[in-house]
Structures are given as structure tokens and as C-alpha cells.
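>>> below is the sequence, then the predicted model.
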Amino acid sequence: MKKAGVKVAIRSMEDGNSNYRNLPYHAGFAVAYGMNKEDALKAITIVPAEIFGVADQLGSIEVGKVANLFVCDGDPFETKTQVSHVFIEGWQMPMVSRQTLLYDEFLKREPGVSKD
């Protein structure tokens, strides 16, 4: 599609549900099936911003744009990668949620489950 000049954006809709957390994995699947990593990253960042006409505000890291960023310990397209920090509009978001608290509680139960 790229060779034909088509802009490719990847979305995260599954069965009518918006599972945004899976967006990097959809891009990872695209890479596994032949899209290069740079194009996959663009397909979930700047290309959708261009399609929706907001590329002057979102979609890339530039002075004057909204600071929506994350920091991770590896390839963002790999499922084993852990996100350590999230910034939305420049504000650092807490990395604790009801889900993470429940996960931690589950691990502490006896007999418990090992993280290995």
C-alpha cells in the first residue's frame, strides 16, 4: 500500500470495543507481516494525526505540540516490554490503577503465584 502512495493508519478496534492498550501489538503484528518498524510507528502516531487534520498538534515529538509520551524498557511493539512512565499533555500519569492493585493483591495470596 505504501508503494502505491496510500497512507496507512492502524486502529485498535476489536469486536466493537476500543482496546487502545492493544494498539502497539497491532502495529507489532503489522511488522511481523512485513511492514517496517518505522512505518508501523508512523501508522499509530503521525499518520492518523495527518488523516484527522491534527498533525500540527499531535502525532510527533516537536516543539509546540501536545506532549503525549511514554517511556518503556524495550521495543514498544513487543509484549514483554514494560511501560514505566506515561505523560499526557505534559502531565505524568500514575502507573497504579485498579487493575494493577488487583494484580498485586492476587500475587500476594497464599499459596500465591510466582512471577516467573
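Nice, thanks for sending it over.
>>> residue 39: helix or strand, and which one exactly?
Residue 39 is part of helix 37-43, with elements assigned from DSSP states H and E.
>>> pull out the buried residues from that helix.
Buried residues in helix 37-43, counted by 16 or more other Cβ atoms under 10 Å: 39-43. The way it works is simple: take the backbone N, C-alpha and C, and place the C-beta from them, glycine included.
>>> now render the residues you listed as CSV, adding distance to residue 53.
Shown next, in CSV, are the buried residues of helix 37-43 (distance: Cβ to Cβ, whole Å):
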residue, distance to residue 53
39, 21
40, 22
41, 20
42, 16
43, 17
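>>> which one of those residues sits closest to residue 58?
Comparing the buried residues of helix 37-43 against residue 58 with Cβ to Cβ places residue 42 closest, at 12.9 Å.
>>> all strands for the protein, in order.
13-14, 17-18, 69-72, 83-88, 91-93 (DSSP state E).
>>> how about the ones you listed in JSON lines, adding mean pLDDT?
Below are the strands of the chain laid out as JSON lines (pLDDT from 0 to 100):
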{"stretch": "strand 13-14", "mean pLDDT": "68"}
{"stretch": "strand 17-18", "mean pLDDT": "69"}
{"stretch": "strand 69-72", "mean pLDDT": "93"}
{"stretch": "strand 83-88", "mean pLDDT": "93"}
{"stretch": "strand 91-93", "mean pLDDT": "94"}
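>>> would TSV of those strands with mean neighbour count and distance to residue 47 be doable?
Below are these laid out as TSV (neighbours: other Cβ atoms under 10 Å; distance: least, Cβ to Cβ, whole Å):
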stretch	mean neighbour count	distance to residue 47
strand 13-14	11	16
strand 17-18	10	18
strand 69-72	12	18
strand 83-88	13	20
strand 91-93	11	24
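>>> would you turn the ones you listed into TSV with distance to residue 61?
What follows is these, written out as TSV (distance: least, Cβ to Cβ, whole Å):
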stretch	distance to residue 61
strand 13-14	26
strand 17-18	24
strand 69-72	7
strand 83-88	11
strand 91-93	16
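>>> and of the buried residues of helix 37-43, the nearest to residue 86?
residue 41 (17.0 Å).
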